[in-house]
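J.: Here you go, sequence then predicted model.
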Amino acid sequence: MRKEKISYRKAIYKALDYALGSDEKTVFLGEDISAYGGAFGVSADLYKKYPTRVISTPISEGSFTGVAVGLSMTGYRVITEIMFMDFMTLAMDQIINHAANIHYMYGGQIACPIVVRTPAGGYRGYGPSHSKAMENLFMSIPGVKIVAPSSVEDAYGCFLSAVYDNNPVIFVEHKLLYNLEEEAELQSGKQVPLGKARVIKEGGDVTIVSHSYGVALAKEALADLEADGIDAELIDLRSIKPLDIETVIESVSKTGRLVTVEEGSIFGGVGAEVACQVIENCLQYIDGRIVRVGKADVPIPASLTAERFVLPSKGSIIEGVKKSLSW
Amino acid sequence: MRKEKISYRKAIYKALDYALGSDEKTVFLGEDISAYGGAFGVSADLYKKYPTRVISTPISEGSFTGVAVGLSMTGYRVITEIMFMDFMTLAMDQIINHAANIHYMYGGQIACPIVVRTPAGGYRGYGPSHSKAMENLFMSIPGVKIVAPSSVEDAYGCFLSAVYDNNPVIFVEHKLLYNLEEEAELQSGKQVPLGKARVIKEGGDVTIVSHSYGVALAKEALADLEADGIDAELIDLRSIKPLDIETVIESVSKTGRLVTVEEGSIFGGVGAEVACQVIENCLQYIDGRIVRVGKADVPIPASLTAERFVLPSKGSIIEGVKKSLSW
Amino acid sequence: MDILEFYKKALTIRFFEEKVDWLFSRGLLGGTTHLCIGQEATAVGVVGALRQDDYIVSTHRGHGHLIAKGADITKIFSELLGKREGYCKGRGGTQHLCVMELNFLGTNGITGGGLPIAAGAALSIKLSGEDRIAVCFFGEGASNQGTFHESLNMASIWNLPILFVCENNMYAMSTRFSDISKFDDVALRAASFGIPSVIIDGMDAGRVFENTKKIAEKIRQGGGPALIEAKTYRFCGHSKSDARLYRTREEEAAWKQKDPLPKMELKLLEVISQGEIEVIKRSIKASVDDAYEVAVAGEDPGVEEALEGAYAQREDLLPQGNI
Amino acid sequence: MDILEFYKKALTIRFFEEKVDWLFSRGLLGGTTHLCIGQEATAVGVVGALRQDDYIVSTHRGHGHLIAKGADITKIFSELLGKREGYCKGRGGTQHLCVMELNFLGTNGITGGGLPIAAGAALSIKLSGEDRIAVCFFGEGASNQGTFHESLNMASIWNLPILFVCENNMYAMSTRFSDISKFDDVALRAASFGIPSVIIDGMDAGRVFENTKKIAEKIRQGGGPALIEAKTYRFCGHSKSDARLYRTREEEAAWKQKDPLPKMELKLLEVISQGEIEVIKRSIKASVDDAYEVAVAGEDPGVEEALEGAYAQREDLLPQGNI
Ligand SMILES: Cc1ncc(C[n+]2csc(CCOP(=O)(O)OP(=O)(O)O)c2C)c(N)n1
Ligand SMILES: Cc1ncc(C[n+]2csc(CCOP(=O)(O)OP(=O)(O)O)c2C)c(N)n1
Ligand SMILES: [Mg+2]
Ligand SMILES: [Mg+2]
């Protein structure tokens, strides 16, 4: 198979196509996923290929998520699309009190294999109700997995892993990644295991840990850092839960410094958990400040200018790295 | 004013009574808060004292929270009761996308002074949908405050602070605290400021940080620890957001060791944030393992026996403290 | 309809619930419970009209539905007692009690939480081209949740094989339906979605059965969703501690006149004697007591059992084949 | 009803929206937008029948409602441009645009999110014994959210002074209402709650005005909630990028025949000349362009402004006195 240039959006499309095509017991539910192809055009013509199993729903996030739970308990794998991650607030009950608990609370009788796909993130001036990256909201929920790949190959492979996982998976697709094009080899049906981080660039001075669009920002920062003589190691978590802390620890044991980057709030965010586990496991190796880079603790403003001040950026990552080295 | 023995339940009742009695522009909304007095009997006869402003709602958590938002934007302070904290999942949209944003996203034109009271926590065999302490879910939401007092005086004073705060406040009342009786001096209308932790017991060997019912458990552990010659300092955060990290830092600078205790999940929990801020601020003083004690990462089982294995206990706190000292 | 079978089922439910009540009053059970004493006719009437492979989604007040579906009361007791022999290994308890082998998709601790799940089960049936149906119990109080509206709408537009059964016992905890709804009937609300509905006497197992039978068949043949509103009454309090300040003892007494069990006995007396009835009663009572004794002698879950299982493994064989 | 005033308002909305459309097509605006071109008659008709002190809760498609309520279009442009001179300092943008001084409680980015908020405003009015009313706009698509059901129910049982206005433009994004609802009329759904409703031609500002006027007065006098369903159509796509594959150009053309503006002009010609109309058009067009020019010359928020204000302070003076 040759590598070809392919977009993140297309990779998700292909993974959806593979999942729907290879198992009749797979259903895809969401708003405007037919003629519109979803708000971000991901599902394109799938509704024509699988007319009975690509189902456009009413605007009822709370209940169509419940429909997914019911389908999954009766023999289907279900993929749902929540049009913007901000709207997951409406589906929280079915996710937290139902989907997440089913395997455990029913004593292992049944599982709940659903994937909740959702476009997330800011930088587009959509304002407070259409811009959030809320993956941190699900961290403390036992039973769910959280996946947020940053590369085209991972988008494909992690998505398939999510589909074939027997647990509810929150699958975060950053809006700014959809148009990302990469040379990728999408081997049909090839899964990328969840819970395994990826070292994107090796380096000896500092460990940068991120996921989703934060990785793209961090990549941009790498060149500037190199120009300043800083050799950073960049790790893409890919999945936040399960969290591959081993890869992070191995890196920090080498670099002695940790910078976490996330688009959500720092307070109560992913970085806090990563940093905390690092401390618990390799405090002795730390010889720089641990720095968390993320969203300021305010809602996301609509003004593009203001939004830039609130969300993390290449600049704030570089600043964070330097702060960690300055100690 | 003399001290008298009074229960946590009664303290909340008195605070509610004070708030409703002293300002006609205060409303209390919730399910079964009339003749039933709420599921835990907190509101007792308030519906008789304030018949128009104590309003029993239909079972519609999502929308009566929205009603609170609308009331607050048009001149009222609103207190709502979500019968079990687990049901907050249904009110998430109005809290996260509406209440929390209002002051900021509307450019400061208006505030949203609502208090969402809610009985939380386990140890009663209620099972996965009626036992959660989910205060950590709100940590990353800008605009909301999170308060979870453990003592009778704080229940009263923090509640009034929450009412007179101009922001949405999640007010967590642990079910097992309702019957807690303490000698307390409830000065009418006296507020306890939010964002100020309380040192419950001073000690030099290790700092235990907790909130809500975790404080009660930690208190129990203190005696055993003392018997083992361990002099622990116990801090009650009282409010998780704003977080009084100064008090914690001051303590850890002295003891060199930190143990966090919470009833929610460790992964992505309150302890992660506390520990992380401690590390960021006083890494140099740490000379013991940082240990987080909390819920195992599974749903809360109904079986009382199983529940005890899953939730933190006096025993797991003692174990945590010893682990932090063993390093 | 085999009236004797129905009577035995209803009696089992009654005695089971009374035993649970007694256990609570003695502090022998953790958590809480919601008894269906007084509402047995809806459970046996509805479930008795269904096929074994029909799905049921139940509520917090679900013991009756589960017993009617054929569950082993020993295993229900085990579950309530938090024993590892329970249907859910003691993890679910009364409000999260699922029995997949009976197509019983769970009682539900979230008021209104089961409605969309039932719609999902119905969609599954439709997609698979099966001729079974999904039945969703809910209370009149739950009909004020948004999920009610959303689920009925989806059931309607997708023409799902689902029967909504509202057990309207007039109260949601302490809240009288007439205080939180303009009309006393939930059935009215189905009209918005073009879903046909009937209002029936929920204290009469025969009426419940006949109506369900007829309607269920129609649904099975592709007729689309329907709603039955059964007017009923819980004789007990809402949950384990409830002083019932919100209603009068007179109202309760009036409803107790409609107790479904004596009504069934009256019918039964046409075929068997009072003495035979007494024998049946004693034997069922004994079997409930026995079931409890067996259950209580079971084992508590160990620490590993408590801590494992939050995540299903890939290799876990799922009964419904959804690997 | 002052037809000239209405016409000017409607024209302002049309030109404003066309300008926004043009700005988007040029990449001069961030975010997205939902234009109400074609739906101006509902905005001016409903709002024109209200008092200044009545509350309005709007939707994602809310510019028209806001302009009709009397907002300064310069400040709306500033808001859309993310300038600090905007009504919300540029933080809210098109979907979170609140103007407290006009009792305009916000456009809303969450479909169905405004319904309970409006019910809350209505409850506030009732508790305070005022004679104003709350008006809640929503689309037919939003009527599938649970909040619709829950809010109408509360409005009904508490007899709130609230007018629900459904702008039924037949589509929710790409979804035809007939595909996600059994019936084409949202009004039917109000019957479940005993809420009276009317279905009216939403392309006719006069009809909308008269109906609203009458119904609003009834509500003001304690008559309780009511619902107006205005049948209308958006001439443009759902948001800034929409190929409109889900409907035909013929359907669009047919609806454009019902454009509310020419209809108003026809009426106006009974009192003024075509030439005068042209003058009005040019002047309003110019004022819209001017407003944009003033707005675009405004200032972007600084970093401190972006980072401050997540929490209201105790001493913040709140316009509605809720300190
Ligand atoms: C979301 C949610 N809100 C509130 C409750 C608390 N609660 C449990 S049962 C109940 C009343 C339900 O009434 P109804 O649906 O009529 O059923 P019934 O109890 O009468 O059988 C309430 C309010 C809950 N379990 N879940
Ligand atoms: C909770 C939520 N779900 C989905 C969306 C995406 N969305 C924005 S507008 C819209 C369609 C709304 O349709 P309708 O209520 O008919 O209003 P219209 O756009 O036709 O004016 C959708 C699905 C949203 N903003 N919020
Ligand atoms: Mg009831
Ligand atoms: Mg529409």
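T.: Structure's in. What do you need? Ligands and ions are numbered 1, 2, ... in the order given.
J.: State the number of residues packed around the residue of the stretch 1-150 of chain C found nearest ligand 3.
T.: Residue nearest to ligand 3 within the stretch 1-150 of chain C: residue C:139 (3.7 Å; C-beta to the ion). Every C-beta, even on glycine, is put in place using the N, C-alpha and C of the backbone. Neighbours of residue C:139 under the rule other C-beta atoms under 10 Å in any protein chain shown: 27.
J.: What sits closest to it if chain neighbours are left out?
T.: The spatial neighbour of residue C:139 that comes closest, neighbours along the chain excluded (C-beta to C-beta, 6 or more residues apart in numbering or on different chains), is residue C:167 at 5.7 Å.
J.: which element is the one you found on?
T.: Here residue C:167 sits within strand C:162-168, counting by DSSP states H and E.
J.: Tell me, how many residues neighbour whatever residue of the stretch 151-300 of chain A ends up closest to ligand 3?
T.: Using C-beta to the ion, the closest approach of the stretch 151-300 of chain A to ligand 3 is made by residue A:168 at 30.2 Å. By the measure other C-beta under 10 Å, the count of residues near residue A:168 is 35.
J.: Now do the contacts for it.
T.: Counting by C-beta atoms under 8 Å, 6 or more residues apart in numbering or on different chains, residue A:168 makes contact with A:95, A:99-100, A:112-116, A:143-145.
J.: would you turn those residues into CSV with distance to residue A:239, neighbour count and pLDDT?
T.: As requested, the contacts of residue A:168 are exported to CSV (distance: C-beta to C-beta, whole Å; neighbours: other C-beta atoms under 10 Å in any protein chain shown; pLDDT from 0 to 100):
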residue, distance to residue A:239, neighbour count, pLDDT
A:95, 17, 27, 98
A:99, 17, 30, 98
A:100, 16, 26, 98
A:112, 18, 27, 97
A:113, 16, 30, 97
A:114, 16, 32, 98
A:115, 13, 30, 98
A:116, 14, 27, 98
A:143, 15, 28, 98
A:144, 11, 23, 98
A:145, 6, 23, 98
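J.: just checking, which of those belong to strands?
T.: Secondary structure assignment (DSSP state E) places A:114-116, A:145 from the contacts of residue A:168 within strands.
J.: re earlier: right, and out of the contacts of residue A:168, which lies closest to residue D:149?
T.: Closest to residue D:149 out of the contacts of residue A:168 is residue A:95 (21.0 Å), distances taken as C-beta to C-beta.
J.: Now do the closest one against chain D, distance only.
T.: According to C-beta to the nearest C-beta, to the nearest Å, residue A:95 stands 16 Å off from chain D.
J.: before we move on, back to that, now, which of the contacts of residue A:168 lie close to chain C?
T.: A:112-113, A:143, A:145 (C-beta under 8 Å from any C-beta of the partner chain).
J.: give me the element residue A:55 is part of.
T.: Assigned by DSSP H and E, residue A:55 belongs to strand A:54-56.
J.: do residue C:56 as well
T.: Take DSSP H and E as the rule and residue C:56 turns out to sit in strand C:55-57.
J.: next structured bit after that strand?
T.: Per DSSP H and E, the first helix or strand lying C-terminal to strand C:55-57 is helix C:63-68.
J.: what pLDDT, on average, does that following helix get?
T.: If you average the pLDDT over helix C:63-68, you get 98.
J.: Identify the residues contacting it?
T.: Residues outside helix C:63-68 that contact it (C-beta under 8 Å, 6+ apart) are C:9, C:12-13, C:16-17, C:20, C:35-36, C:39-40, C:42-44, C:46-48, C:56, C:58-59, C:73, C:76, C:94, C:97, C:99, C:102, C:104, C:107, C:137.
J.: can we see that at 6 Å?
T.: Where contact means C-beta atoms under 6 Å, 6 or more residues apart in numbering or on different chains, the residues beyond helix C:63-68 that reach it are C:9, C:12-13, C:36, C:40, C:43-44, C:47, C:56, C:58, C:104, C:137.
J.: So which elements touch the following helix or strand past it?
T.: Per DSSP H and E, the first helix or strand lying C-terminal to helix C:63-68 is helix C:73-80. Applying 3 or more C-beta pairs under 6 Å, 6 or more residues apart in numbering or on different chains; DSSP states H and E, one finds that helix C:73-80 contacts helix C:274-296.
J.: list the buried ones in the helix it packs on?
T.: Neighbour counts over helix C:274-296 (16 or more other C-beta atoms under 10 Å in any protein chain shown) mark C:277, C:280-281, C:284-285, C:287-288, C:291-292, C:295 as buried.
J.: Over to residue 264: give its phi and psi.
T.: The chain I'm using is chain A. When read as degrees, to the nearest 10, the backbone of residue A:264 gives phi -80, psi -180.
J.: right, and it touches residue A:131 too?
T.: No. Look at residue A:264 against residue A:131 with C-beta atoms under 6 Å: they stay out of range, at 11.0 Å.
J.: Please say which of these two ends up with more neighbours.
T.: Of the pair residue A:264 and residue A:131, residue A:131 is the one with more neighbours under other C-beta under 10 Å, namely 28 against 25.
J.: now the closest residue to that one other than its chain neighbours: how far from residue B:103?
T.: Distances taken as C-beta to C-beta, 6+ apart place residue A:122 nearest to residue A:131, at 3.7 Å, with adjacent residues excluded. Note on residue A:122: its distance to residue B:103, by C-beta to C-beta, to the nearest Å, is 19 Å.
J.: on that earlier part again, name all residues that make contact with the nearest residue to the residue of the stretch 151-300 of chain A closest to ligand 3 once chain neighbours are set aside.
T.: In this structure, residue A:168 finds its nearest non-sequential neighbour in residue A:99, 4.1 Å apart by C-beta to C-beta, 6+ apart. Listed by C-beta under 6 Å, 6+ apart, the contact set of residue A:99 reads A:69, A:112, A:168.
J.: again, 7 Å this time
T.: For residue A:99, the contact set (C-beta atoms under 7 Å, 6 or more residues apart in numbering or on different chains) comprises A:69, A:112, A:114, A:168.
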